[in-house]
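**Student:** how does the following fold in three dimensions:
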Amino acid sequence: MDALLSEAVGIILREPDAEAFLRWGRARIPDVLAGVESLDADDARRLAALLAQAIWNAMPRPDLGYRPSPLPEPEPTAPCRCGSGAAYADCCQAAGEVPELPPEILWDPLLDQLGEPQLQAAVQSGAVPEPLLAKVADRWLALERPGRAVALLEPLFAGDLAALDEAFEPALDILCDAYDALDHWKKKQAFLLRVTDTAAPILKSAAWQRLSVMFIDEGDFEYAADAFAQAQRHGPDHPGTALLEITLLAARHQDDHARARAQFWQHKLRRAGHDGAGIQDFLARAREDPQQALMMSQAAAMDPALLRVREWLAGLAQRPLPTLGQEAIDDPLTCGDSRQLPLFDPELLPLPPAAREGRCCALTPARGLADLERRWRRAFPGPKPLSTMLAGPEHEQVWLRDEWLDLLEVSPAAADSLDVLDDLATALYVHPESSLPWVARVMLDPVLERAEAILRHNLGPEPAALPWTDPRNRPALRLLFRRWRQHADAGADGPAVALAELLLQLNPRDNHGVRAELMNHYLRARENEKALALARRFPTDALADMAYGEVLALYRLGQQERAALVLHEAVGRLPRVPRFLLRKRVRRPSLHQGGFMAGGDDQAWLYRQAMRDVWAAEPGLLAWMKKLTA
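**Tutor:** From the prediction side, this is the model:
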């Protein structure tokens with residue numbers, strides 16, 4: 001029926017002639033009614049005539065200032081408009097008046113077919129139904145005119161919000177999108193909060209949904225969950241609430257729970273009458289893979305370059321694992337790149353045991369990949385990240401070039417190169433859409449899984465050290481570090497700990513600093529012997545987690561005398577930490593973006609945030625520390 005109405009509107013726009021339109025209706029509409037078994041040919045002809053007249057009567061005519069021009073009822077003796085040849089009195093007059101169609105049913109396809117001048121004239125005429133102004137604003141938003149969209153929609157919400165029904169929900173969504181395009185986040189937040197206070201329940205639910213998505217984007221999952229609860233309370237059967245819950249669970253990496261809730265929502269929405277193909281198809285996919293379902297739901301709006309990479313990634317799982325070369329190197333401190341800045345002074349860290357035994361290696365590409373990697377270096381427009389950084393601002397520009405994508409698509413063997421996988425992970429890391437958790441999961445997971453599998457396949461049970469100081473090892477170590485961060489961010493403690501331990505085994509100087517998180521995990525798990533062994537590998541460490549983690553491990557193991565000595569040394573290096581641990585309330589200092597000042601208040605604050613609850617839970621520990629540091 002939507003296609004029929006759109007066709008009818010187009011015909012009236014091209015030739016606003018009633019008789020010609022009625023002839024079209026008598027010829028075209030019976031084809032649409034052909035599947036109705038209860039209609040014979042005469043009934044179908046009469047119904048087609050009535051529907052054609054109803055469409056004509058309701059059509060907002062651009063040539064008449066967007067007013068309709070309804071046909072008068074025929075004289076009884078006039079030929080009937082159904083085309084039977086009989087007089088109107090002897091044919092269709094007994095069927096009653098021509099039914100009235102709601103204006104929205106024709107305004108919707110009409111707005112799609114109006115050119116820009118006509119569209120503005122329609123808006124200025126005041127004839128466009130208010131809920132459908134969202135359609136106009138969406139069109140302007142697509143033309144990168146968000147200011148015009150805001151000016152059109154804000155008046156809809158200026159009055160009593162309680163008087164607006166669910167028909168205005170699209171306008172709410174488009175207005176929020178326009179605020180986003182203008183970076184008016186404060187205005188958007190104030191608008192949504194006003195809706196949650198005073199609007200009808202269905203709009204309150206929509207506003208809470210938007211707020212929850214804002215919190216998800218910021219990584220504030222507790223606030224997002226609270227907002228979701230409010231959205232569900234005000235719209236328990238709203239399809240958007242179902243989508244939001246799957247989004248929230250997937251963002252928190254709770255995929256099994258998301259699958260179960262997708263099944264629940266399928267049945268709930270079907271019982272509530274929401275059995276549209278869109279939401280039901282999404283929930284069916286979410287029962288299989290929530291991350292893929294969320295990504296597919298946004299595929300139409302995603303960067304085509306990102307989708308090209310996704311297609312290439314689909315073939316990774318089928319490729320066998322390659323065999324890498326391992327070239328022995330004599331001294332990991334002599335093969336470094338002087339332009340790379342280490343995170344910590346190498347002389348302050350112990351020499352890797354494997355290095356003392358002469359078992360340091362540099363990874364080399366699998367056989368036959370050297371030429372491909374040379375072509376890749378020429379095609380990929382970004383450099384390797386500086387030092388232990390994961391990306392730089394220059395890497396955002398790689399998505400403006402296609403040469404590397406073209407090479408990737410014709411080179412399945414690129415999946416065997418850690419160098420290529422490293423660059424691909426960097427590119428995905430900086431892509432704006434990768435801030436969405438499910439995009440990162442769907443796109444980065446295959447890259448990092450492939451890299452980890454290649455390394456484990458080649459390293460063996462007792463691998464040689466792969467020192468960071470040799471640039472050939474950096475792609476592998478950077479990929480493993482990304483994989484560790486991925487597990488750590490998802491709260492997957494088991495895989496995260498295993499990867500942190502592997503990273504320390506491969507690169508005992510720990511240029512990426514995973515030892516801090518590993519130390520804190522050991523202490524939270526009360527694996528004090530492991531914590532103590534880890535601390536002793538870094539005896540002069542400038543990380544508070546290591547210096548004070550050793551104190552906590554010794555105290556728990558009953559070695560208070562040794563703990564006191566270590567505490568004295570820790571205070572000598574990092575004197576601010578005890579004050580931040582001992583006080584119940586401490587004002588947060590200024591924090592440096594992306595790091596901290598060694599020995600500064602910001603470092604002490606960060607350690608307090610990470611571990612004070614563990615220190616406070618240990619009987620007598622804080623009192624003991626206060627006595628020794630007074």
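**Student:** give me the most central residue, the chain.
**Tutor:** Central residue of the chain (CA atoms, centre = their mean): L436, 1.7 Å from the mean position.
**Student:** what residues are up against that residue?
**Tutor:** The contact partners of L436, by CB atoms under 8 Å, 6 or more residues apart in numbering, come to D217, L294, Q298. From N, CA and C alone the C-beta is placed, and that goes for glycine too.
**Student:** what average pLDDT does whichever helix or strand the first one is part of get?
**Tutor:** Using DSSP states H and E, the secondary-structure element containing D217 is helix 201-218. Helix 201-218 carries an average pLDDT of 92.
**Student:** what number of residues lie near M59?
**Tutor:** Counted with other CB atoms under 10 Å, the neighbours of M59 add up to 27.
**Student:** make sure it is actually in contact with I12.
**Tutor:** Yes. Contact criterion CB atoms under 8 Å: M59 and I12 qualify, at 5.2 Å.
**Student:** in stretch 597-611, which residues are buried?
**Tutor:** The neighbour-count check on stretch 597-611 (16 or more other CB atoms under 10 Å) flags G600, D601, D602, Q603, A604, W605, L606, Y607, R608, M611 as buried.
**Student:** burial of the nearest residue to the third one once chain neighbours are set aside, as a residue count?
**Tutor:** The one in question is D602. Nearest non-adjacent residue to D602, counting by CB to CB, 6 or more residues apart in numbering: F596, 4.5 Å away. Counted with other CB under 10 Å, the neighbours of F596 add up to 18.
**Student:** could you do L369 as well?
**Tutor:** L369: 22 surrounding residues under other CB under 10 Å.
**Student:** now swap in R61 and tell me
**Tutor:** Using other CB under 10 Å, the number of residues around R61 comes to 15.
**Student:** next: the one 5 residues further on.
**Tutor:** Taking other CB under 10 Å as the neighbour definition, Y66 ends up with a count of 21.
**Student:** got the contact list for it?
**Tutor:** Neighbouring residues of Y66 by CB under 8 Å, 6+ apart: P60, A121, A122, S125, A127, V128.
**Student:** 10 Å instead, please
**Tutor:** For Y66, the contacting residues are 59-60, 107, 110, 114, 118, 121-128, by CB atoms under 10 Å, 6 or more residues apart in numbering.
**Student:** export these as TSV, with columns for secondary structure, distance to M1 and pLDDT.
**Tutor:** Formatted as TSV, the contacts of Y66 follow (DSSP: H, G, I helix; E, B strand; the rest coil; distance: CB to CB, whole Å; pLDDT from 0 to 100):
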residue	secondary structure	distance to M1	pLDDT
M59	coil	16	91
P60	coil	19	90
W107	helix	15	90
L110	helix	15	91
L114	coil	21	89
Q118	helix	24	89
A121	helix	28	90
A122	helix	23	90
V123	helix	26	91
Q124	helix	30	90
S125	helix	27	88
G126	coil	28	90
A127	coil	23	89
V128	coil	21	91
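**Student:** tell me how far the strand or helix carrying K186 lies from the chain's centre.
**Tutor:** Remark: K186 resides in helix 185-198, with elements defined by DSSP H and E. Chain-centre distance of helix 185-198: 23 Å, with CA atoms, centre = their mean, to the nearest Å.
**Student:** what residues does it touch?
**Tutor:** Contacts of helix 185-198 (CB under 10 Å, 6+ apart): 150, 154, 157, 160-162, 164, 172, 175-180, 182, 184, 199, 203-211, 214, 227, 230-231, 234.
**Student:** if you set the cut-off to 8 Å instead, what comes out?
**Tutor:** When contacts are defined by CB under 8 Å, 6+ apart, helix 185-198 is touched by residues 157, 160-162, 172, 175-176, 179-180, 203-204, 206-208, 210-211, 214, 230.
**Student:** next: stretch 451-468.
**Tutor:** Stretch 451-468 is contacted from outside by 321-324, 326, 328-329, 332, 335, 342, 352, 354-355, 359-363, 388, 416, 418, 421-422, 425, 473-474, 476-477, 479-480, 483, 499, 505-509, 511, using CB under 8 Å, 6+ apart.
**Student:** low-confidence ranges in the stretch 201-350 of the chain?
**Tutor:** Per-residue confidence for the stretch 201-350 of the chain (pLDDT under 70) gives these ranges: 331-350.
**Student:** what residues sit buried inside the one helix or strand E7 maps to?
**Tutor:** Here E7 is covered by helix 2-14, with elements defined by DSSP H and E. Under the neighbour-count criterion of 16+ other CB under 10 Å, helix 2-14 has L4, L5, S6, A8, V9, I11, I12, L13 buried.
**Student:** which member of those residues is positioned nearest R375?
**Tutor:** Using CB to CB, S6 is the member of these that lies nearest R375, at 49.5 Å.
**Student:** so what pLDDT did P475 get?
**Tutor:** P475 is assigned a predicted lDDT (pLDDT) of 96.
**Student:** please name the nearest non-neighbouring residue to it.
**Tutor:** Among residues not flanking P475 along the chain, D422 sits closest, at 3.6 Å (CB to CB, 6+ apart).
**Student:** host element of the one you found?
**Tutor:** Using DSSP H and E, the element containing D422 is helix 418-430.
**Student:** what about stretch 291-304, start to end distance?
**Tutor:** 18 Å (CA to CA, to the nearest Å).
**Student:** identify the residues contacting that stretch?
**Tutor:** With contact meaning CB under 8 Å, 6+ apart, stretch 291-304 is reached by 243, 246-247, 250, 255, 262, 282-283, 285-286, 307, 310, 399, 431, 433, 436, 438-439, 441-442.
**Student:** how about 6 Å then?
**Tutor:** A250, F282, R285, A286, W438, V439, R441, V442 (CB atoms under 6 Å, 6 or more residues apart in numbering).
**Student:** give me the distance from it to the chain's centre.
**Tutor:** In terms of CA atoms, centre = their mean, the centre of stretch 291-304 is set 9 Å apart from its chain centre.
**Student:** how about stretch 195-210?
**Tutor:** Taking CA atoms, centre = their mean, the mean C-alpha location of stretch 195-210 is offset from the chain mean by 23 Å.
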